[in-house]
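Undergrad: Predicted model follows, preceded by the sequence.
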Amino acid sequence: MEKLVLLNVYVLARDREHPSRVLLQQRWKPDTDPANSGRWELPGGKWRAYESIASCAARELHEETGLVDVDVRGHRSDHELLGDTVQVSESVQLVQMIEGPYPSVLAVVDAVASGQPRATGDGSRAAQWIEESRLRDMLLTEPETFTALSYAALSHRFGVEP
């Protein structure tokens with residue numbers, strides 16, 4: 001049987017008041033994903049049918065961290081033809097698990113947000129702003145504390161080589 005993968009939208013959010021801070025949370029799914037529970041990851045989740053990528057990112061950020069003042073970055077344009085509306089999004093980082101326990105693809109978008117995050121979703125905890133310098137250090141010295149997908153996305157984005 002052919003295995004298919006659903007695209008998830010994750011958010012690399014920066015603090016609007018302190019742009020050197022990045023939002024991370026700990027994954028918490030001990031029943032369905034015990035191997036990754038407690039590991040750091042970017043907030044995000046499932047993309048609903050006909051939902052724009054910006055709407056999905058803002059919704060997931062709110063669901064998992066309680067943040068509501070969210071501005072998803074990147075150029076998007078809508079196109080209409082014969083009654084169909086299609087949105088084209090630029091500045092999306094694609095991250096794919098090509099070997100591992102489960103097939104996953106993430107579309108990572110950039111955003112800025114304001115407020116104090118808190119874990120509000122049932123699959124996350126310990127949401128917090130982390131200084132970029134501390135994040136770089138964590139990626140270098142504590143890679144095992146991240147989920148593989150978020151580690152890859154963040155390492156690539158911040159140019160951190162193990």
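TA: Thanks, I have the structure now. Residues are numbered from 1 along each chain as shown.
Undergrad: how long is stretch 95-102 from one end to the other?
TA: 13 Å (Cα to Cα, to the nearest Å).
Undergrad: List the buried residues in it.
TA: Applying a neighbour-count criterion of 16 or more other Cβ atoms under 10 Å, one finds 95, 97 buried in stretch 95-102. All C-beta spots, glycine's among them, are computed from the backbone N, C-alpha and C.
Undergrad: Repeat that for stretch 34-47.
TA: Neighbour-count burial for stretch 34-47 flags 36, 37, 39, 40, 41, 42, 43, 44, 45, 47 (criterion: 16+ other Cβ under 10 Å).
Undergrad: give the contact list for residue 56.
TA: Counting by Cβ atoms under 8 Å, 6 or more residues apart in numbering, residue 56 touches 9, 47, 48.
Undergrad: Which pLDDT value belongs to the closest residue to the last one other than its chain neighbours?
TA: For residue 48, the nearest residue in space outside its immediate sequence neighbours is residue 56; the separation is 6.6 Å by Cβ to Cβ, 6 or more residues apart in numbering. Per-residue confidence (pLDDT) for residue 56: 96.
Undergrad: any idea whether residue 56 is helix, strand or coil?
TA: What DSSP: H, G, I helix; E, B strand; the rest coil gives for residue 56 is helix.
Undergrad: Ok, residue 49 next?
TA: Quick answer, by three-state DSSP: residue 49 is coil.
Undergrad: likewise residue 128?
TA: Assignment for residue 128 (three-state DSSP): strand.
Undergrad: ok, residue 106 - how many residues close by?
TA: As a burial measure, residue 106 scores 22 neighbours (other Cβ atoms under 10 Å).
Undergrad: For this protein, just list every one of the strands.
TA: 7-15, 21-27, 40-41, 44-46, 69-72, 76-81, 84-89, 93-96, 105-114, 124-131 (DSSP state E).
Undergrad: how about those, which one is nearest residue 145?
TA: Nearest of the strands of the chain to residue 145, taken as Cβ to Cβ: strand 40-41 at 5.6 Å.
Undergrad: The closest one - what's its average pLDDT?
TA: What strand 40-41 shows for mean pLDDT is 97.
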